[in-house]
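[1] What shape does this take:
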Amino acid sequence: MAGIKFEIIQQIATLSESSKGWTKEVNLISWNDREPKYDIRDWSPDHEKMGKGVTLTEAEWQALQTYFRNE
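    Numbering: from 1, shown residues only. Below is the predicted model of the structure:
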């Protein structure tokens, strides 16, 4: 994505992989040199291209984990 700087701080999990090699991943990412956030999105094999995704703050990530633990 042009103009958006990102750094994958920690790769947490690969959830799936498409026939073209793209993977849906959960990562901790710093966007534009900001505080890292949890991120779920599709990535090309070289991590140069990405699909639309969702980012979560630490509090949102914890709430999501708590929800699934209680299900």
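
[2] average pLDDT across whatever helix or strand Leu28 lives in?
    Using DSSP states H and E, Leu28 sits in strand 23-31. Averaging pLDDT along strand 23-31 gives 98.

[3] got a list of contacts for the helix or strand bottoming out on mean pLDDT in the chain?
    Least confident helix or strand of the chain, by mean pLDDT, DSSP states H and E, is helix 58-70 with a mean of 95. Residues outside helix 58-70 that contact it (Cβ atoms under 8 Å, 6 or more residues apart in numbering) are 37-38, 56. To be clear about C-beta, it is placed using only N, CA and C from the backbone, and glycine gets the same treatment.

[4] that older thread, now the angle between helix 58-70 and the strand holding Leu28, please.
    150 degrees (axes from the mean of the first three to the mean of the last three Cα atoms, to 10 degrees).

[5] Neighbouring strands - and their directions - for the longest strand along the chain?
    Counting by DSSP state E, the longest strand found in the chain is strand 6-17. Strand 6-17 pairs in its sheet with strand 23-31 (antiparallel), by DSSP bridges.
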